[in-house]
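> output the structure for:
(one chain, ligands or ions: 2)
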Amino acid sequence: AFVVTEPCFDCKYTDCVVVCPCDCFHEGERMLFIDPAHCIDCEACVPECPVEAIFHESNVPEEWKEFVALNEEMASVSPSITERKQPLATPNR
Ligand code: SF4
Ligand code: F3S
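Ligands and ions are numbered 1, 2, ... in the order given. Predicted structure coming up:
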């Protein structure tokens, strides 16, 4: 499965959610999470993210490894999101 990591935090650009064919994205207060049980590894969301927050679970940078478990845990308790909304911030990294 793919995983949303640190750059999404306080950004939530949400370009990713509209391209997901499986409605995998869930919305936390300050970032989004991918439900690993539904992700089909299509990779469609990866180029959509302007801050490059999305990685395959096998390819998450070392310092963000904890996001793999966090996505699974938080996706199960956060509401689904399938439509774009106003981001929290403009991407600047
Ligand atoms: Fe959705 Fe595909 Fe991204 Fe998985 S890789 S979250 S299925 S768009
Ligand atoms: Fe976050 Fe990037 Fe999606 S900032 S909301 S993972 S487009």
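
> show me which residues of this protein are close to ligand 1?
Contact residues (Cβ under 6 Å from any ligand atom) of the chain with ligand 1: 2, 19-22, 24, 34, 39-45. C-beta coordinates here come from the backbone N, C-alpha and C atoms, glycine included.

> gap between residue 71 and residue 86?
23 Å (Cβ to Cβ, to the nearest Å).

> who's more crowded, those two?
In this view residue 71 and residue 86 are compared by other Cβ atoms under 10 Å, and residue 71 has more residues nearby, 29 against 7.

> show me the contacts for that one.
Residues near residue 71 by Cβ atoms under 8 Å, 6 or more residues apart in numbering: 1, 3-4, 33-36.

> so is stretch 22-36 next to ligand 2?
Yes - judged by Cβ under 6 Å from any ligand atom, stretch 22-36 comes into contact with ligand 2 at residue 32.

> which one of the residues of the chain next to ligand 1 is nearest ligand 2?
residue 45 (6.9 Å; Cβ to the nearest ligand atom).

> neighbours around the closest one, how many?
Neighbour count of residue 45, defined by other Cβ under 10 Å: 23.
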